[in-house]
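*Asks:* Pasting the sequence and the predicted model now:
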Amino acid sequence: MADSLSITIRRQLRRYLQGGQSLREFVRWLAPRLESLDRDRDADDLAHEAYLRIAEYTNGDWTEDELRAFFRPLVTTYVATWPSNAVTIQTGTSSAVSLTTQFPSTLVVERSPLVEAS
């Protein structure tokens, strides 16, 4: 199964946060994708929120540390969906776990940091 665009965006954000690419490289990667996001609501919201924060940073509203602090939760958020009794849990990384079992109506998932705070 191909990764969704929102997972790919989170993966690129994680690379930036871990020092694998500069902010400029991330923006160059993100900018051409902004126009083609309307089919993926999660990716659209994520990309535009990231781009807005970057614009605020370049305007002097945020320090780069503040910008990084904003981005950290975006790469550690879990999304859980389940039709009937099959559960899929995805993170901002490429990991995905599928379980087939009975769950209560509310599923609590604990988070573990994917990016160390600097």
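*Replies:* Noted; the coordinates are in hand.
*Asks:* Low-confidence ranges, the protein, go.
*Replies:* Applying pLDDT under 70 to the chain picks out residues 1-3, 37-38, 77-118.
*Asks:* so where do the helices sit in it?
*Replies:* Secondary structure of the chain by DSSP state H: the helices cover 5-17, 23-30, 41-58, 64-71.
*Asks:* And for V27, the neighbour number?
*Replies:* Residues within reach of V27, counting by other C-beta atoms under 10 Å, total 16. C-beta here means a position set from N, CA and C on the backbone, and glycine is covered the same way.
*Asks:* sorry, back to before: comparing the helices of the chain, which comes out most buried?
*Replies:* Burial of these is given as mean neighbour count (mean count of other C-beta atoms under 10 Å); helix 5-17 ranks first at a mean of 21.
*Asks:* Now do that one against helix 23-30, angle only.
*Replies:* 170 degrees (axes from the mean of the first three to the mean of the last three C-alpha atoms, to 10 degrees).
*Asks:* helices or strands next to helix 5-17 in the packing?
*Replies:* helix 23-30, helix 41-58, helix 64-71 (3 or more C-beta pairs under 8 Å, 6 or more residues apart in numbering; DSSP states H and E).
*Asks:* a markdown table please, covering these and showing distance to S4.
*Replies:* Below are the helices and strands packed on helix 5-17 laid out as a markdown table (distance: least, C-beta to C-beta, whole Å):
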| stretch | distance to S4 |
| --- | --- |
| helix 23-30 | 15 |
| helix 41-58 | 7 |
| helix 64-71 | 18 |
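*Asks:* Among these, which comes closest to R15?
*Replies:* helix 23-30 (7.5 Å; C-beta to C-beta).
*Asks:* ok, now how distant is the residue lying closest to R33 once chain neighbours are set aside from I54?
*Replies:* In space, and not counting its chain neighbours, R33 is closest to A47: 6.5 Å by C-beta to C-beta, 6 or more residues apart in numbering. Between A47 and I54 the distance is 10 Å, computed by C-beta to C-beta, to the nearest Å.
*Asks:* Many thanks, we can stop here.
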